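S.K.: how would this look folded up:
(one chain, ligands or ions: 1)
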Amino acid sequence: MRTRVKICGFTRVEDAVVAAQAGVDAIGLVFYPPSPRHVGIAQAQAIVAALPAFTSVVALFVDAHAEQIHDVLAQVPIDCLQFHGDETPAQCRLYNKRYIKAVRMQADTDVGQLARAYHDAAGLLLDAYHPNAKGGTGSTFDWELIPPHCALPIILAGGLEPGNAIQAIQAVRPYALDVSSGVEVDKGIKDAQKMRAFLKEVNQGDTIII
Ligand SMILES: O=C(O)c1ccccc1NCC(=O)[C@H](O)[C@H](O)COP(=O)(O)O
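M.R.: Now for the predicted structure:
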């Protein structure tokens with residue numbers, strides 16, 4: 001099975017269009033005001049309206065109030081939610097939407113236990129831990145912490161870039177890769193060449209494995 005790619009943290013229509021043309025599977029929109037990649041409703045609507053069919057839209061939240069999430073869902077066509085905070089399984093299930101639970105990996109993180117707790121998630125996104133940031137840090141983590149088998153699709157994130165995508169695919173064999181900082185010129189500003197290079201590398205990685 002080919003490795004899917006989500007590029008996260010778009011703030012500009014033109015960047016999302018380039019990503020879609022290059023073959024990205026999903027784009028991520030950050031609805032978390034402290035993030036430099038945060039988008040408002042109008043900007044999110046403009047980005048989604050510019051996308052072709054079959055490019056999924058993932059909306060990312062960090063411990064958001066339910067009203068904020070309902071507000072986004074009512075106004076922006078979202079395919080999937082992504083929770084990056086301390087949301088419980090019950091909170092993730094409130095919206096009748098497919099969801100991804102993000103986990104910031106530490107030495108004692110029990111991925112198997114999390115997969116059981118969030119058993120109805122569409123995937124577990126495994127990201128680097130940082131004491132002061134919830135995501136989008138550009139840091140990798142020790143991929144040895146990921147168990148070889150998991151009941152949920154694994155979405156590998158954290159410090160990916162053109163240059164380590166093949167290595168990531170070979171080491172982890174994830175369902176998908178998720179990248180943000182590694183394809184940017186600045187936070188929220190994507191680099192067309194880096195996005196294309198990343199997607200090309202993932203295709204190469206899949207070819208090597210097959
Ligand atoms: O991107 C952000 O600013 C962000 C802020 C708060 C929580 C999550 C955030 N991003 C989540 C993502 O899905 C990123 O793509 C993921 O953390 C990987 O980021 P990076 O290491 O920069 O590739």
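
S.K.: any idea of the mean pLDDT in stretch 133-150?
M.R.: Across stretch 133-150, the average pLDDT comes to 95.

S.K.: On the three-state scheme, the residue most central in space within the chain is what?
M.R.: Residue closest to the mean C-alpha point of the chain, counted by Cα atoms, centre = their mean, is Asp178 at 4.5 Å. At Asp178 the chain is in strand, as set by DSSP: H, G, I helix; E, B strand; the rest coil.

S.K.: Could you tell me which residues make contact with it?
M.R.: Asp178 sits next to Val5, Lys6, Ile7, Cys8, Gly28, Leu125, Asp127, Ile155, Leu156, Ala157, Leu160 when contact means Cβ atoms under 8 Å, 6 or more residues apart in numbering. C-beta coordinates here come from the backbone N, C-alpha and C atoms, glycine included.

S.K.: got CSV for the residues you listed, with secondary structure and pLDDT too?
M.R.: Output for these, formatted as CSV (DSSP: H, G, I helix; E, B strand; the rest coil; pLDDT from 0 to 100):
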residue, secondary structure, pLDDT
Val5, strand, 98
Lys6, strand, 98
Ile7, strand, 98
Cys8, strand, 98
Gly28, strand, 98
Leu125, strand, 98
Asp127, strand, 98
Ile155, strand, 98
Leu156, strand, 98
Ala157, coil, 98
Leu160, coil, 98
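
S.K.: can you give me the strands for this structure?
M.R.: 4-8, 26-30, 56-61, 80-83, 99-105, 123-128, 154-156, 176-179, 184-186, 189-190 (DSSP state E).

S.K.: Would you convert the ones you listed into CSV that also reports distance to the ligand?
M.R.: Output for the strands of the chain, formatted as CSV (distance: least, Cβ to the nearest ligand atom, whole Å):
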stretch, distance to the ligand
strand 4-8, 3
strand 26-30, 5
strand 56-61, 6
strand 80-83, 6
strand 99-105, 7
strand 123-128, 5
strand 154-156, 9
strand 176-179, 5
strand 184-186, 8
strand 189-190, 11
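
S.K.: which one of the ones you listed lies closest to Ala42?
M.R.: strand 26-30 (12.1 Å; Cβ to Cβ).

S.K.: so what does the closest one touch, helix or strand wise?
M.R.: Using 3 or more Cβ pairs under 8 Å, 6 or more residues apart in numbering; DSSP states H and E as the contact test, the elements touching strand 26-30 are strand 4-8, helix 13-22, helix 41-49, strand 56-61.

S.K.: Run the angle between the lengthiest helix in the chain and helix 13-22 for me.
M.R.: Longest helix in the chain, counting residues (DSSP state H): helix 192-209. Interaxial angle of helix 192-209 relative to helix 13-22 (axes from the mean of the first three to the mean of the last three Cα atoms, to 10 degrees): 20 degrees.

S.K.: got the CA coordinates for helix 192-209 in CSV?
M.R.: The C-alpha trace of helix 192-209 is given here as CSV (Å, rounded to 0.1, in the frame of the first residue of the first chain):
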residue,chain,number,x,y,z
ALA,A,192,6.6,24.7,-3.5
GLN,A,193,9.9,23.0,-4.3
LYS,A,194,10.2,21.4,-0.9
MET,A,195,6.6,20.1,-1.1
ARG,A,196,7.2,18.6,-4.5
ALA,A,197,10.5,17.1,-3.3
PHE,A,198,8.9,15.6,-0.3
LEU,A,199,6.1,13.9,-2.3
LYS,A,200,8.6,12.6,-4.8
GLU,A,201,10.7,11.1,-2.1
VAL,A,202,7.7,9.3,-0.6
ASN,A,203,6.9,7.8,-4.0
GLN,A,204,10.5,6.7,-4.2
GLY,A,205,10.4,5.2,-0.7
ASP,A,206,7.3,3.2,-1.7
THR,A,207,9.0,1.9,-4.8
ILE,A,208,12.0,0.8,-2.8
ILE,A,209,9.8,-1.1,-0.3
